[in-house]
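In: Model the following, please.
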Amino acid sequence: MATQLADIADLKSIPVEDINVAQPAIFAAGEEGAWFERLRREDPVHYCHDSQFGAYWSITKYKDIMDVEMNHKVFSSESSLGGITISDPEYMGEDGGLELPMFIAMDPPKHDEQRKTVSPIVAPSHLQLLADGIRERAGEVLDELPVGEEFDWVDRVSIELTTQMLAILFDFPWEDRRKLTRWSDVATGSPESGVVESWDQRKQELFECAAYFQKLWDERIKGQPAKDLISMMAHGEATKNMPYMEFLGNLILLIVGGNDTTRNSISGGLLALHEHPEEYAKLKADPSLIPNMVSEMIRWQTPLAHMRRTALEDCEVGGKLIKKGDKVVMWYISGNRDEDSIDNPNEFLIDRKKARQHLAFGFGIHRCVGNRLAEMQLQIVWEEIMKRFSHIEVVGEPTRVFSTFVRGYSHMPVIVHK
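Out: Prediction:
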């Protein structure tokens with residue numbers, strides 16, 4: 001098997017062909033940047049012949065990622081071929097994991113039909129209706145923070161705000177909203193991460209998620225169509241008769257998509273400002289930079305580190321021959337640090353020109369359906385933060401998520417100052 005983190009004394013000493021960057025421990029240690037920098041420099045389309053996830057290609061340069069992303073006729077997202085993450089079901093325990101069809105893990109035309117069913121919830125007109133509520137709830141959460149005392153930013157702010165937003169989008173019972181947080185963590189977790197004790201526990205908790213939503217679905221399908229995600233799917237022609245696993249898959253997609261991305265951008269953005277005080281000073285001097293800063297925070301954090309595709313035919317990427325059936329991993333986190341496509345990519349600059357031209361939302365037919373909602377949430381949160389606090393200080397080392405997919409934080413101790 002390709003070199004594991006525990007065996008590594010010096011990254012430079014490892015032959016490039018033996019590098020396996022898909023190790024959760026690298027990400028949990030915050031060391032992935034050096035690994036991807038070497039791959040971009042020495043072998044930007046890199047074949048790992050053996051790993052805990054089997055063999056896979058790493059696509060690490062911005063333009064190569066775009067080539068794969070935009071060519072959905074050759075590079076498939078189909079769940080039956082492995083879906084969108086590096087981990088196939090057969091690597092999830094003795095009896096395998098769950099194959100969860102979802103529209104992001106489908107190819108056209110089915111992908112297009114299902115995506116169209118839920119897209120009205122993030123239409124510009126509906127976003128405007130959501131904006132005032134987001135601002136009110138953000139203000140309430142921020143006003144309850146203990147000024148001058150240490151607390152966990154991830155739990156009190158990042159998780160709470162995104163979970164509230166998810167509950168509204170689903171019209172989910174408010175008192176049970178933290179179930180959404182748990183199911184999101186379980187869906188992207190593993191026994192190694194400590195989120196679940198076994199793959200079987202993960203499976204059982206996801207079935208509990210499906211059972212809970214089934215009751216809500218049954219209620220909504222009896223009523224008039226409404227502007228919440230469950231009602232949209234229950235009444236949508238392309239989704240109302242979904243098989244059970246597809247029903248669960250699309251729920252997990254919407255939960256994770258609405259939770260992990262915004263949640264970890266809120267946390268990662270704060271950490272970026274803490275580590276770059278000159279940019280924090282720039283923000284204080286000119287809060288009108290917030291919309292641009294939000295895009296830079298999303299690029300900097302890249303809350304989903306990768307997306308995977310499967311080659312449907314022999315093809316060439318970056319001068320390398322990729323064969324039919326090969327697993328192809330687009331490392332967004334690497335593309336967003338590509339020196340050939342982004343000026344000074346290792347600098348966090350809240351006034352960066354063309355800040356929105358990052359890869360964190362993907363591109364093409366699978367571009368994140370909720371990208372505008374995520375940007376709006378982050379913008380409002382930072383506008384409300386700047387009204388209340390002179391400074392937010394990170395007072396301890398944050399705990400990073402043990403995952404090659406979700407790039408985020410489970411704990412971040414902070415103190416807020418009036």
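In: and the longest helix along the chain, what does it pack onto?
Out: What stands out as the longest helix in the chain, according to DSSP state H, is helix 244-275. Under the contact criterion of 3 or more CB pairs under 8 Å, 6 or more residues apart in numbering; DSSP states H and E, helix 244-275 touches helix 160-170, helix 178-188, helix 199-222, helix 277-285, helix 290-301, helix 371-388, strand 391-394, strand 409-411. C-betas here are computed from N, CA, C, even on glycine.
In: Which positions in the fifth one come out as buried?
Out: Pointing back at helix 290-301 there. When neighbours are counted by 16 or more other CB atoms under 10 Å, the buried residues of helix 290-301 are found to be 290, 292-301.
In: for the third one, same thing?
Out: Neighbour counts over helix 199-222 (16+ other CB under 10 Å) mark 199, 202-203, 205-206, 209-210, 212-213, 216-217, 220 as buried.
In: Equivalent analysis for the shortest one, please.
Out: Residues of strand 409-411 classed as buried: 409-410 (neighbour count, 16+ other CB under 10 Å).
In: and that strand, how far from the chain's centre?
Out: How far strand 409-411 lies from its chain's middle: 14 Å, per CA atoms, centre = their mean, to the nearest Å.
In: Identify the neighbouring strands of that strand in the sheet and state each direction.
Out: As defined by DSSP bridges, the strand partners of strand 409-411 come to strand 399-400 (antiparallel).
In: Residues in contact with the strand it pairs with: which ones?
Out: Defining contact as CB atoms under 8 Å, 6 or more residues apart in numbering, one finds that strand 399-400 is touched by 27-30, 407-412.
In: Write the ChimeraX selection for whichever of those are buried.
Out: Filtering these down to the buried ones (16+ other CB under 10 Å) takes a single ChimeraX command:
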select :27,28,407,408,409,410,412
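In: Dump the contacts of strand 399-400 into CSV; add pLDDT and distance to Thr262 as well.
Out: CSV is the format used below for the contacts of strand 399-400 (pLDDT from 0 to 100; distance: CB to CB, whole Å):
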residue, pLDDT, distance to Thr262
Phe27, 94, 19
Ala28, 93, 21
Ala29, 91, 24
Gly30, 92, 21
Arg407, 95, 13
Gly408, 94, 10
Tyr409, 96, 13
Ser410, 95, 16
His411, 97, 18
Met412, 98, 15
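In: Serialize the contacts of strand 399-400 to CSV and add fields for distance to Thr162.
Out: Below are the contacts of strand 399-400 laid out as CSV (distance: CB to CB, whole Å):
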residue, distance to Thr162
Phe27, 20
Ala28, 21
Ala29, 25
Gly30, 22
Arg407, 15
Gly408, 11
Tyr409, 13
Ser410, 14
His411, 16
Met412, 14
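In: these two touch, right, Ile252 and Cys209?
Out: Yes. Look at Ile252 against Cys209 with CB atoms under 8 Å: they come within range, at 7.4 Å.
In: Excluding chain neighbours, what is closest to Arg115?
Out: In space, Arg115 comes closest to Phe103 once its chain neighbours are excluded; the distance is 5.1 Å by CB to CB, 6 or more residues apart in numbering.
In: Now for that neighbour, how many residues are close by?
Out: Here the neighbour count serves as a burial measure; for Phe103 (other CB atoms under 10 Å) it reads 24.
In: Distance check, it against Leu216.
Out: Counting by CB to CB, to the nearest Å, the separation of Phe103 from Leu216 is 19 Å.
In: Distance to Asp43 for the helices and strands packed on helix 244-275 - can I get that in CSV?
Out: Listed next are these as CSV, based on distance: least, CB to CB, whole Å:
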stretch, distance to Asp43
helix 160-170, 37
helix 178-188, 28
helix 199-222, 32
helix 277-285, 33
helix 290-301, 24
helix 371-388, 31
strand 391-394, 35
strand 409-411, 30
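In: and Tyr332, which of the ones you listed is closest to it?
Out: For the helices and strands packed on helix 244-275, the distance to Tyr332 is smallest for helix 290-301, at 9.5 Å, taking CB to CB.
In: ok, and what's touching the next helix-or-strand element following that closest one?
Out: Secondary structure here is assigned by DSSP states H and E; on that basis, the next helix or strand after helix 290-301 toward the C-terminus is strand 306-311. When contacts are taken as CB under 8 Å, 6+ apart, the neighbours of strand 306-311 outside the stretch itself are 56, 68-69, 74-78, 81-86, 322-333, 362, 366, 404-405.
In: And the buried ones among those, selectable in ChimeraX?
Out: Listed next is the ChimeraX selection for buried residues among those, using 16+ other CB under 10 Å:
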select :56,68,69,74,75,76,77,78,81,82,83,84,85,86,322,326,327,328,329,330,331,332,333,362,366,404,405
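In: Out of the contacts of strand 306-311, name the ones that lie in helices.
Out: Using DSSP H, the contacts of strand 306-311 in helices are 68-69, 332-333.
In: now the residues you listed in JSON lines, with pLDDT and distance to Met307?
Out: Below are those laid out as JSON lines (pLDDT from 0 to 100; distance: CB to CB, whole Å):
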{"residue": "Val68", "pLDDT": "97", "distance to Met307": "9"}
{"residue": "Glu69", "pLDDT": "96", "distance to Met307": "8"}
{"residue": "Tyr332", "pLDDT": "98", "distance to Met307": "7"}
{"residue": "Ile333", "pLDDT": "98", "distance to Met307": "11"}
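In: Would you mark the buried spots in stretch 173-181?
Out: Result for stretch 173-181 [16+ other CB under 10 Å]: buried residues 177, 179-181.
In: Could you give the number of residues near the closest residue in space to Leu321 that isn't next to it in sequence?
Out: With CB to CB, 6+ apart as the criterion, Leu321 has its nearest non-adjacent residue at 6.7 Å, and that residue is Asp314. Residues within reach of Asp314, counting by other CB under 10 Å, total 12.
In: I appreciate the help and will end here.
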